[in-house]
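Trainee: With the sequence up front, the predicted model follows.
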Amino acid sequence: MIIRETEQTFVMTHQHEHAKLSGDIAKRFHARLFLNEERRDDALHAVYEHDRAWISMDDTPIWNDGAGAPYSFIDYPLLPKLLCYRNGIDETERGNAYAALLCSLHYANFEAIRTSDQPEMAAFRRHELERQARIRAALAPLDEAAVRRQQQILKLCDGLSLYVCLNEPGADKAREHPWYRAGFDAPLAAGEQYVAHWANPREIRVAPSPFAETFTVSVRQKHVPKTLIAEAGLHAAFDRTAWTEQQATFLAESN
């Protein structure tokens, strides 16, 4: 679950809804950025499905007593999270091995996983490295430059979608989520860095612009009142809160 706290509510977004937003963003990238047109649809499939692991976890939101807030994807308990990560990539691989390769690369390269000495993290990474080797052998020969580029597109679109979900619409740089104030760690070319900012509460500019045209996207969320959580508990409060749609327009500009 993606959580943004306001004074009176928790704005809660299912991870799979965020992944759909990521895919809708990736679909508007200049086709040339994917490097390999034949694999573009597979790469888009990976972006749309990259958080399939969270479908079961987000079905029942859980309260974090220590934080006084719902558990989010950031602080969710480690062992069930790693198990669901693996299961989600398994599901993707059964339908599209190339998309699973990109998803596996995405998860295995999370800094917390890549640099951890925790046995569970290390075991997850080993399993994914073995998966990657198996898929590469089955799909050989692969255009590895395109694989790396499409992995970065997945990472960038994941970040752009989280930028929409984690920030108050229209927030200036000083009030943005700290992960994105300096830009996104997902260059598509050496020395390049993408930076987003809110032009106003409905419009976002990204520089340099990766987009072929200006477009509007939306994501489903629930603004769950804190008073309702205190009265009924998180699960019931979430169920009783109606879905809303947050829209955002990404402005295309010439590179």
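Mentor: Cool, the structure landed. Numbering: from 1, shown residues only.
Trainee: what sits against the nearest residue to residue 64 once chain neighbours are set aside?
Mentor: In this structure, residue 64 finds its nearest non-sequential neighbour in residue 71, 4.7 Å apart by CB to CB, 6 or more residues apart in numbering. Yep, even glycine has a C-beta here, placed from its N, CA and C like the rest. Residue 71 is in contact with 1, 61-64, 77, counting by CB atoms under 8 Å, 6 or more residues apart in numbering.
Trainee: nearest to residue 145, of these?
Mentor: Using CB to CB, residue 1 comes nearest to residue 145 of the contacts of residue 71, at 35.3 Å.
Trainee: For residue 251, the count of nearby residues, please.
Mentor: Applying other CB atoms under 10 Å, we find 14 residues neighbouring residue 251.
Trainee: measure it to residue 108 for me?
Mentor: As judged by CB to CB, to the nearest Å, residue 251 and residue 108 stand 33 Å apart.
Trainee: what are the phi and psi values for the residue nearest to residue 64?
Mentor: Backbone torsions for residue 71, taken as degrees, to the nearest 10, come to phi -60, psi 140.
Trainee: Tell me the spacing between it and residue 230.
Mentor: From residue 71 over to residue 230 (counting by CB to CB), the distance is 17 Å.
Trainee: burial measure for residue 95, as a count.
Mentor: 11.
Trainee: actually residue 65, not the one I wrote
Mentor: Residue 65, neighbours per other CB under 10 Å, totals 6.
Trainee: Quick check: next helix or strand after the strand or helix carrying residue 122?
Mentor: Using DSSP states H and E, residue 122 maps to helix 119-139. Next helix or strand after helix 119-139 toward the C-terminus (DSSP H and E): helix 144-166.
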